[in-house]
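Novice: A predicted structure for the sequence below; I have some questions about it.
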Amino acid sequence: MREPVLNLQKPVGDEVKQTTCYMCACRCGINVHLSGGRIRYIEGNPAHPVNRGVLCAKGSAGIMQHYSPARLDKPLLRVGERGEGKFREIEWDQALALAAGWLSETRARDPDRLAFFTGRDQSQALTGWWAQQYGTVNYAAHGGFCSVNMAAGGLYTLGGSFWEFGEPDWEHAKYLMLWGVAEDHDSNPIKLGLGHMKGRGAKVVAVNPVRTGYGAIADEWIGIRPGTDGLFAFALIHELLKADKVDLDYLVRYTNAHWLVVHDPGAADDGLFARDAEGRALCWDRTAQALASAEGTDLSPAIVGEHTLADGRRAVPVFQLMAQRYLDPQYAPDAVAERCGVPAATIRRIAGELAAAAFNAPVELPIAWTDTHGREHKTMVGRPVAFHAMRGISAHSNGFHTCRALHLLQLLLGAVDTPGSFRYQPPFPRPIPPANRPGRTRLANGALDAPPLGFIHGPEDLLVDAQGQPRRLDHAYSWRYPLAVHGMLHTVIRNAWAGDPQEVDVLFLFMANMSWNSAMNTGETMRWLTDKRPDGEYRIPKIIYSDAYSSEMVAYADLVLPDTTYLERFDAISLLDRPISDADRAADAIRHPVLDAADQGRSHGAGALGSTGGTRDVRGFQSVLLDLGARIGLPALLRDDGTPRYADYADYIVNHERAPGVGLLAGWRGDGSQHGKGPPNPRQLDRYREHGGFWQAEVPASGRYFKMANRDYLQWSQGMGFIAKAEPVVLQLYSETLQKFRLAAQGHGPVQPPERERARVAQYFDPLPIWYEPFEGAQLEPTRFPLSAVTQRPPFMYHAWGSQNAWLRQITARNYLYLHPDTAARHGLADDDWVHVDSHHGRITVQCRAVANVQPDTVWTWNAIGKRRGAWKLAKDAPESKKGFLLNHLISDVLPDSDYANADPVTGQAAWFDLRVSLHRADAGEDTLPQFAPVGDGPENNAPLRYGAGFRKARP
């Protein structure tokens, strides 16, 4: 007799709709069960490539995100002073006319007087394009505040990066190192992968000052001191080089290890690659005893030794420069152990384990493939060592070079896109650096010649004026932060207030909680937003803000445009932006309205949620942005007859083409049978809905590894429209792009930095990875601020909008300062004692607890729990505002002894993990400090929030 099959996905309502979660950046597929037009249940979609049915606490709590009392209901116009939270509701026609008027006036005066910055949204393919059409260079998204070091470090080294651009080979890796990985990003795929790896017996090592989440289940936790990961990586490299545990064959085939570097100190080409008349890089062929093209075949290239070029100049291979640097005794384990907080014996053991995993038992898959030189390989052989890294290594002022150091370590092991190692996800890898440069020139129709964000290839691409000063409001792409490929969100408010480099007329923000948890220097940020000129006008004249919820930033807006929740909107999770691919397939997805915003009721008050009383009048921000673009006459948003080109965002998703045949979505193009490239298909969104809200295309089996030099993959990628040419991507141990900036700083070339910036550029634009003390720690007296302070993102919450969720708040509604028991004992502190935490910038007063999951010289807390009174429609005595807190109050946006941003000098990445503090016992208190005046009016009552009781069946 057959066992009955248990149906784990039986509908619990009258309808099930499939869409994409937005409770974090994971972008899992979800099944939304509806009953009578209300959400009954949210579960994972088993067919979805991201989560395969797994759903976390955040995703399941999406019900309470949608029915949050904090939802905005109508457009709002400020009637009080900024920061008071006093508004009156207005109609959309008035709101759009007002916004369009401000934007039109500003564009006519100077498009760069609009500062358009977005937070943690997932529609940058649209917002960046819109800014290009408007003609402002002052556009960026949240990446400069989050993890641009990781992206830039990878893209300038590997043509890809960790997280959204790549993943470990979960199936074949035998040794995985997690560097600075918290639980908030890509959580379900990582959980699935870790479970699979541990089930196979692979070893997992977590490198992080704090042990939570993934680190808690790792086989080994290395509690490193913040900001020293690069030094630890160099010590591992030192040991591998000493032991000759380096994959030289891999280096010669896929990297520039054998490329010759001109050695001519003082000359304009010193440190550049030696090239032939056609511009091809040269190497020394040991067999022919002659110079040869470094990308040729059937060579035996030298990787050490000095060689003479045809014109008499001397040159040495990249590998020799690298080996000379990292074999230096300053990188030996005994030399770095104390600074890293990692014993020298541990460093040597980890280096030995990496070498053993990589070289003693390589993975060989019986898959034939052909490289870009036409050479056929019967199998795919790889080193089963994988790395994964995230914000913990990125949010430091030395983060760019730390990311490069990790990639260098991977390359020496031959562990990039081989079986068992780090793997690229389509559409990566891309050329190094990627081809698109940032827009700099305004066309006759007022638009920029390219989107505002792009990749700098050399000093000539910088956005600076004739005197070498920044053109952009955030100072991205200037001599101060040349490779700021995501912009610098954290500098915008100060510079807009200061009019540096020029005043702005309109600050336009979307989902960017800039007055609170997305601000370094919160107190001053609030002051800048409210500061007035002597004539009584605000220094930042007009602020337009769009959000779905009444965050702290709403109170500082002049005009509020209410966004929908993620269950009421269209979105494109696009390959042009932030795709959901994995290493074996390209994938993208949509969100679509599973609920009608007009039927979802007003959100004022508390108590039972989900009623349909009243009408919410909200619109998706992307559709509003397109509407505004048409109203102000942006050329690409109008037809020839002057009517809007796009009816709304859904229309734009389907019909917009970035290039012929290339749109936001890759699936079901043309007549529905074309994928990747093809004309617009008016039924495309229907096809996505019919297929669970996502599309995927398998990478050819012969193209799944060695993507940087795999003929079948590169041809497939070109056919899909991901790359322009099916050419190999040579991985860059040594970055000529960085050397170009160093030469400019030394006085060479037509574009040179101002005198003030020369030494800084020359120091930090080293073509090989370097390590230096994080700036804040280097500029402060160590005995005055002896501790590092960092944040972790809770696995059950994501940014501020998750920590206002009624269900998730039951897990944590407040946070503590966590410190090692030895640290607590030194300061005479016990659990729940109050403590002053001081930085060079300010003080907070909070309660502490002793825990053993932290490096002894580090204190930590959960991020984004603390709320300002009155925000998010939380009760006036909510624990988040009385007991919760942010470390942001302690973090200065500028460095202690200069006006440089508290940021990485290469990319402008916000260095909020560089925070140094001291602790002092405080008297017991009632509330954490600082406290600020309440904003908004809070809920109408403090009744418990309930949802779901109405679905219960009546009992007999």
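Specialist: Sure thing, it's come through.

Novice: ranges for the strands of the stretch 201-350 of the chain?
Specialist: Taking DSSP state E, counting those that start in this stretch, the strands of the stretch 201-350 of the chain run over residues 203-207, 220-222, 260-263, 282-285, 290-293, 307-308, 314-317.

Novice: Only the C-alpha atoms, please, for the longest one, written as PDB.
Specialist: Written as PDB, here are the backbone C-alpha positions of strand 203-207 (Å, rounded to 0.1, in the frame of the first residue of the first chain):
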ATOM      1  CA  LYS A 203      35.300  22.700   6.200                       C
ATOM      2  CA  VAL A 204      33.900  26.200   6.800                       C
ATOM      3  CA  VAL A 205      36.000  28.900   8.300                       C
ATOM      4  CA  ALA A 206      34.500  32.200   9.300                       C
ATOM      5  CA  VAL A 207      36.700  35.300   9.500                       C
END
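
Novice: Could you list the residues in contact with it?
Specialist: 174-181, 194, 197-198, 214-215, 217-222, 224, 229, 232, 350, 353, 357 (C-beta atoms under 8 Å, 6 or more residues apart in numbering). For glycine as for every other residue, the C-beta is placed from the backbone atoms N, C-alpha and C.

Novice: How far away from the center of its chain is it?
Specialist: Computed by C-alpha atoms, centre = their mean, to the nearest Å, the separation of strand 203-207 from the middle of its chain amounts to 22 Å.

Novice: now the third one
Specialist: Counting by C-alpha atoms, centre = their mean, strand 260-263 is centred 35 Å from the centre of its parent chain.

Novice: Enumerate the positions of it that are buried.
Specialist: Along strand 260-263, the positions that meet the burial threshold by neighbour count (16 or more other C-beta atoms under 10 Å) are 260-263.

Novice: likewise the last one?
Specialist: Of the residues in strand 314-317, those with enough neighbours to count as buried (16+ other C-beta under 10 Å) are 315-317.

Novice: For the stretch 551-700 of the chain, which segments count as helices?
Specialist: Under the criterion DSSP state H, counting those that start in this stretch, the stretch 551-700 of the chain contains helices at 621-631, 649-655, 684-690.

Novice: In CSV: those, plus distance to D505.
Specialist: Shown next, in CSV, are those (distance: least, C-beta to C-beta, whole Å):
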stretch, distance to D505
helix 621-631, 15
helix 649-655, 26
helix 684-690, 37
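
Novice: Phi and psi next, for the closest residue to R689 other than its chain neighbours.
Specialist: Excluding its sequence neighbours, the residue lying closest to R689 (C-beta to C-beta, 6 or more residues apart in numbering) is H592, at 6.2 Å. Main-chain torsions, H592, degrees, to the nearest 10: phi -140, psi 160.

Novice: Would you confirm that H592 contacts L685?
Specialist: Yes. With contacts counted by C-beta atoms under 8 Å, H592 reaches L685, the gap being 6.8 Å.

Novice: what touches both of these two?
Specialist: With contacts defined as C-beta under 8 Å, 6+ apart, the residues shared by H592 and L685 are 570, 650.

Novice: any weak-confidence spans in this protein?
Specialist: With pLDDT under 70 as the threshold, the chain has low-confidence stretches at 1-5, 121, 602-614, 937-941, 952-956.

Novice: quick one: the nearest residue in space to A435 that is not next to it in sequence and A659, what's the gap?
Specialist: The shortest distance from A435 to any residue that is not its chain neighbour, by C-beta to C-beta, 6+ apart, is 6.9 Å, and that residue is A724. Summarising the geometry, the distance separating A724 from A659, computed by C-beta to C-beta, to the nearest Å, is 9 Å.

Novice: Any idea which of the helices of the stretch 551-700 of the chain gets closest to H388?
Specialist: Evaluated with C-beta to C-beta, the helices of the stretch 551-700 of the chain place helix 684-690 nearest to H388, the distance being 29.5 Å.

Novice: Identify all contacting residues around that closest one.
Specialist: Where contact means C-beta under 8 Å, 6+ apart, the residues beyond helix 684-690 that reach it are 18, 570, 589-590, 592, 650, 653-654, 665, 667-669, 672, 681, 694-695.
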